[in-house]
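1. Make a model of this:
(chains A and B)
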Amino acid sequence: MLTATTPDTQSRPDLRALFLGFSAVGLSGFGGVLPFVRRMLVDQKRWLSGEEFNALLGLCQFLPGPNVINLAVLVGKRYRGVPGAIVAPLGLLAGPLVVVLLLAMLYDHYGDLPRVQSMLRGIAAVGVGLLFATAWRMGMAVRDKPLFLPFSLLTVTAIAWLRWPMPIVMVAGLLLSGGVAWWKLGRK
Amino acid sequence: MNVVGELFLEFALLSFVAFGGATALLPEMHRVVVENHHWLDDTTFTHLYAIAQAAPGPNVLVVTLIGWEVAGLAGALAATLAMCLPMSVVIYLLIDRWEGFAGKRWQKAISLGVAPLAVGLIFSGATLIAQAAEFGWAAWALVAVTTAVNLRTKLHPLWLIATGAALGLLGLV
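-> This next block holds a predicted model:
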């Protein structure tokens, strides 16, 4: 336990510390490492306060792209500029990348075996179930559901059924859905 | 252009619309990789998704696996870099101005507007994987149970993944 008198920004991590700190959490999460990154940054290393973490995460979630990678870029930049912004995401990715490539090599060797195929099929079914649960949870968190959930339905129609290209669907969807949100925000 | 270059360009383009992270990109990755370029077939795509589910680390690594199967190590690195680099540069340049536009009306409008789209994308990803894997009734039952357990209990998803693997090994799914 650290004492309560320790200041929030007690240490300025160097490149090595950034790389090692992010490597340590890279391999810890299944289905997303964000909670582990938060614990490392805020509770253990105290490189960010809780509010700073939320503010940075806000920007990462606002923009497209892998949120947790973008967060590592921002933390790296904050302490060590460009080199830090390169080293921190590399630390996060290095370990899992090696694991995933080893699994890929195993798959290349044994992927044709019926047992391996049916095992992967079982995992895929669980993965699909987890995706439906995630979609449900995110849908329940949407505000003004009668107004905004129809846009979810439109997205599913365009993407899953009509198979339209996603860049076009997202630009059009964002104009429509964002337009409604803009109008709604102005009415208050 | 060679495959590695094409892979890089396709995934770099995708990174700009990846609201909701790599998971939300599953339908589009399927469209680009399986339907447009025929780099992978349906079965391999679902297998790679399953491997990514069972591996630790950020969700973005499904991209690495796809790159590997399409073009080996160069493909894996190109796809991963393409997915991570463009928005990393944008966010690096944007962070100092974030304070200035956080909370502005247009920023809130985009945040509110993008959320229902992300829901639709993830739902689409789930249906497309199920279609590509040609699930039978037993697999759909497992899907339903997983969804219910994940929503109703705090059981760690890893247990569900292990259960899925075991049921698969036994040939029940």
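2. Give me the most central residue, chain B.
-> residue B:23 (3.0 Å; Cα atoms, centre = their mean).
3. Could you verify that that residue is part of a strand?
-> No: counting by DSSP: H, G, I helix; E, B strand; the rest coil, residue B:23 falls outside a strand, being helix.
4. give the contact list for it.
-> A:131, A:134, B:59, B:122, B:125 (Cβ atoms under 8 Å, 6 or more residues apart in numbering or on different chains). The way it works is simple: take the backbone N, C-alpha and C, and place the C-beta from them, glycine included.
5. Closest to residue A:98 out of those residues?
-> Closest approach to residue A:98 among those (Cβ to Cβ): residue B:59, at 17.0 Å.
6. wait, what's in contact with the closest one?
-> A:31-32, A:66, B:21-23, B:52.
7. Equivalent analysis for residue A:74, please.
-> Residues in contact with residue A:74 (Cβ under 8 Å, 6+ apart) are A:56, A:59-60, A:85, B:91-92, B:95.
8. Which of those fall in helices?
-> A:56, A:59-60, A:85, B:91-92, B:95 (DSSP state H).
9. Lowest-confidence entry in the contacts of residue B:59?
-> Ranked by pLDDT, those bottom out at residue A:31 (65).
10. show me where chain A has helices.
-> Going by DSSP H, chain A shows helices at A:15-26, A:34-38, A:50-62, A:67-110, A:114-141, A:145-156, A:166-187.
11. What residues sit buried inside the first one?
-> Using 16 or more other Cβ atoms under 10 Å in any protein chain shown as the burial criterion, the residues of helix A:15-26 that qualify are A:15, A:17-19, A:21-26.
12. what about the residue in chain B sticking out farthest from the centre, distance to residue B:94?
-> Ranked by distance from the centre of chain B (Cα atoms, centre = their mean), the top residue is residue B:100, with 31.6 Å. Using Cβ to Cβ, to the nearest Å, residue B:100 is found at 10 Å from residue B:94.
13. between the two, what contacts are shared?
-> Going by Cβ under 8 Å, 6+ apart, no residue sits against residue B:100 while also sitting against residue B:94.
14. Closest to the geometric centre of chain A, which residue is that? Let me know.
-> Relative to the mean C-alpha position of chain A, the nearest C-alpha, by Cα atoms, centre = their mean, is the one of residue A:67, at 3.9 Å.
15. List the contacts of it.
-> Here residue A:67 is in contact with A:34, A:57, A:60-61, B:21 (criterion: Cβ under 8 Å, 6+ apart).
16. list the contacts for the closest residue to it other than its chain neighbours?
-> Closest residue to residue A:67 apart from its sequence neighbours, by Cβ to Cβ, 6 or more residues apart in numbering or on different chains: residue A:60 at 4.5 Å. Neighbouring residues of residue A:60 by Cβ under 8 Å, 6+ apart: A:67-68, A:70-71, A:74, B:91.
17. switch to 10 Å and redo it
-> A:34, A:66-74, B:21, B:87, B:91, B:95 (Cβ atoms under 10 Å, 6 or more residues apart in numbering or on different chains).
18. Please identify, among those, the one with the most neighbours.
-> The most neighbours of any of these, using other Cβ atoms under 10 Å in any protein chain shown, belong to residue A:72, which has 33 neighbours.
19. a helix runs through residue B:59, doesn't it?
-> No: the assignment for residue B:59, made by three-state DSSP, is coil rather than a helix.
20. OK, contacts around the closest residue to it other than its chain neighbours?
-> Leaving aside its sequence neighbours, residue B:59 sits nearest to residue B:22 (Cβ to Cβ, 6+ apart; 4.7 Å). Residues near residue B:22 by Cβ under 10 Å, 6+ apart: A:65-67, A:69, B:14-15, B:29, B:52, B:58-64, B:83-84.
21. Is stretch B:103-113 positioned near chain A?
-> Yes: applying Cβ under 10 Å from any Cβ of the partner chain, one finds stretch B:103-113 touching chain A at B:103, B:105-113.
22. Name the helix or strand for residue B:1, please.
-> Element membership for residue B:1, per DSSP states H and E: none, as it lies in no helix or strand.
23. Not counting sequence-adjacent ones, nearest residue to residue B:130?
-> Counting by Cβ to Cβ, 6+ apart, residue A:128 is the residue found nearest to residue B:130 once chain neighbours are left out, at 5.1 Å.
24. Just the pLDDT at residue A:3, thanks.
-> 41.
25. May I have the phi/psi pair for the nearest residue to residue A:115 once chain neighbours are set aside?
-> The shortest distance from residue A:115 to any non-neighbouring residue, by Cβ to Cβ, 6+ apart, is to residue B:169 (6.1 Å). Note on residue B:169: its backbone torsions stand at phi -60, psi -40 [degrees, to the nearest 10].
26. Count the neighbours of residue B:169 for me.
-> 14.
27. Mind pulling up the pLDDT for it?
-> The confidence metric pLDDT takes the value 95 at residue B:169.
28. I'd like to know how far it sits from residue A:123.
-> For residue B:169 relative to residue A:123 (Cβ to Cβ), the value is 10 Å.
29. what do you get for residue A:56?
-> 33 Å.
30. Looking at these two, which one has more neighbours?
-> Neighbours were counted for residue A:56 and for residue A:123 using other Cβ under 10 Å; residue A:123 has more, 28 against 21.
31. show me what contacts the more buried one?
-> B:46-47, B:49-54, B:160-168, B:173.
32. same question, residue A:12
-> Going by Cβ under 10 Å, 6+ apart, residue A:12 touches A:47, A:78-80.
33. One more pass at 6 Å, please.
-> Residues in contact with residue A:12 (Cβ atoms under 6 Å, 6 or more residues apart in numbering or on different chains) are residue A:79.
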